[in-house]
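Asks: Curious how this folds, go ahead:
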Amino acid sequence: MNVGERLRALREERKLSQGAIEKRTGLLRCYLSRVENGHTVPSIQTIEKLARALELPLYRLFYEGKVPLELASLFQRKMEPDTAWGASGRNARFLSQLRRCLGRLNDSDRSLLMATAQKIASNGRTRHRPKAIAAGKS
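Replies: Residues are numbered from 1 along each chain as shown. Below you'll find the model as predicted:
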């Protein structure tokens with residue numbers, strides 16, 4: 001089975017352009033073209049993104065039968081656009097840009113950035129205003 005051909009068929013069946021898939025996944029249109037033409041083999045994470053963008057369960061990318069498989073409700077996923085932060089739209093583009101930038105950092109800088117992000121995230125949950133400001137004093 002050629003995954004790229006199957007992705008193209010499903011995309012065209014749903015009347016979606018590569019540009020629409022790009023917006024939903026954050027994957028570049030040229031990359032989608034390379035996948036569909038068999039020049040690139042996508043990772044499982046990329047295949048999951050594409051399945052979400054096509055609003056299909058993952059197995060449908062590999063199953064060519066006409067009758068849908070019966071799945072236990074345990075294995076069915078909610079197919080909402082906001083399933084996870086960064087799954088589509090502006091957040092997906094931001095996440096893609098962030099990944100490219102992180103790829104250019106060395107390990108030391110990456111560790112520093114992670115420590116900083118963790119500190120900011122933990123302070124955001126427990127952040128307290130200084131007593132002087134809280135009391136209305138300057």
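
Asks: helix or strand for Arg6, which one?
Replies: Using DSSP states H and E, Arg6 sits in helix 3-13.

Asks: after that helix, next one along is what?
Replies: Helix 3-13 is succeeded, C-terminally, by helix 18-25 (DSSP H and E).

Asks: In that following helix, which of the residues would be classed as buried?
Replies: 18, 21-25 (16 or more other Cβ atoms under 10 Å). Heads up, the C-betas are built off the backbone N, CA and C, glycines and all.

Asks: Lys49 versus Ser111, what's the distance?
Replies: Distance, Ser111 to Lys49, by Cβ to Cβ, to the nearest Å: 27 Å.

Asks: Who has more neighbours out of those two?
Replies: Lys49 (22 against 11; other Cβ atoms under 10 Å).

Asks: so where's this structure shaky on pLDDT?
Replies: 1, 66-83, 124-138 (pLDDT under 70).

Asks: spatially speaking, which residue is in the middle of it?
Replies: With distances taken as Cα atoms, centre = their mean, the residue of the chain nearest its centroid is Ala87 (3.6 Å).

Asks: tell me the contacts of Tyr31?
Replies: Contacts for Tyr31 were tallied using Cβ atoms under 8 Å, 6 or more residues apart in numbering; they are Thr40.

Asks: And it, its phi and psi?
Replies: phi -70, psi -40 (degrees, to the nearest 10).

Asks: ok so, going back, out of the buried residues of helix 18-25, which comes closest to Ala117?
Replies: Checking the buried residues of helix 18-25 against Ala117 with Cβ to Cβ, the nearest one is Thr25 at 23.4 Å.

Asks: Tell me how far that closest one lies from Val41.
Replies: Look at Thr25 and Val41: by Cβ to Cβ, they are 16 Å apart.

Asks: try Arg11
Replies: From Arg11 to Val41 the distance is 17 Å (Cβ to Cβ).
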